[in-house]
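Trainee: structure for the following, please:
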Amino acid sequence: MAEYLQVATATENRDDAVKLAQLVVAARLAAGAQIVGPVTSVFWHQGEFGTGEEWQLLLKTRADRYAALEAHLLDHHPWKNPEVSAVPLTGAEGYLRWIDKTTQRDAG
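Mentor: Now for the predicted structure:
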């Protein structure tokens with residue numbers, strides 16, 4: 001797994017997205033979150049084809065924090081089976097140092 005990840009999830013509304021973002025960043029499971037929306041999603045859900053409006057969260061974290069971040073998102077997400085996905089993240093050295101520093105449990 002990559003050393004840094006961008007983790008994505010989505011919510012039904014902006015308020016839920018902001019709440020989730022605040023929880024994970026305050027817990028230092030992610031260095032930061034971007035909330036994008038509304039976005040239109042096209043999907044299959046429970047055997048039915050659908051289209052809906054969602055708010056996407058993009059979270060930046062270290063790979064060694066992913067398991068805890070995933071568990072936190074699943075525990076606090078308003079949906080029973082939300083998307084929680086991760087892709088490798090590369091970036092400028094200073095940006096990656098910021099992720100390291102910000103996601104340390106004892107950072108302050």
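
Trainee: I'd say Asn13 and Trp55 touch.
Mentor: Yes - the pair Asn13 and Trp55 passes the contact test of Cβ atoms under 8 Å, sitting 6.4 Å apart. Every residue, glycine included, has its C-beta placed from N, CA and C.

Trainee: what about the two, which has more around it?
Mentor: Counted by other Cβ atoms under 10 Å, Asn13 and Trp55 do not tie: Trp55 has more neighbours, with 21 against 14.

Trainee: contact partners of the longest helix that the chain contains?
Mentor: The residue-count maximum for a helix in the chain (DSSP state H) belongs to helix 14-26. Outside helix 14-26, the residues within contact range by Cβ atoms under 8 Å, 6 or more residues apart in numbering are 9-11, 30-33, 35, 37-38, 55-57, 59, 69, 72-73, 76-78.

Trainee: with just CA atoms, put it into PDB.
Mentor: Below are the C-alpha coordinates for helix 14-26, written out as PDB (Å, rounded to 0.1, in the frame of the first residue of the first chain):
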ATOM      1  CA  ARG A  14     -23.800  18.900   3.100                       C
ATOM      2  CA  ASP A  15     -24.400  18.900   6.900                       C
ATOM      3  CA  ASP A  16     -23.600  15.100   7.100                       C
ATOM      4  CA  ALA A  17     -20.500  15.600   5.100                       C
ATOM      5  CA  VAL A  18     -19.300  18.500   7.200                       C
ATOM      6  CA  LYS A  19     -20.000  16.500  10.400                       C
ATOM      7  CA  LEU A  20     -18.000  13.500   9.200                       C
ATOM      8  CA  ALA A  21     -15.200  15.600   8.000                       C
ATOM      9  CA  GLN A  22     -15.000  17.400  11.400                       C
ATOM     10  CA  LEU A  23     -15.000  14.200  13.300                       C
ATOM     11  CA  VAL A  24     -12.200  12.500  11.400                       C
ATOM     12  CA  VAL A  25     -10.000  15.600  11.200                       C
ATOM     13  CA  ALA A  26     -10.500  16.400  14.900                       C
END
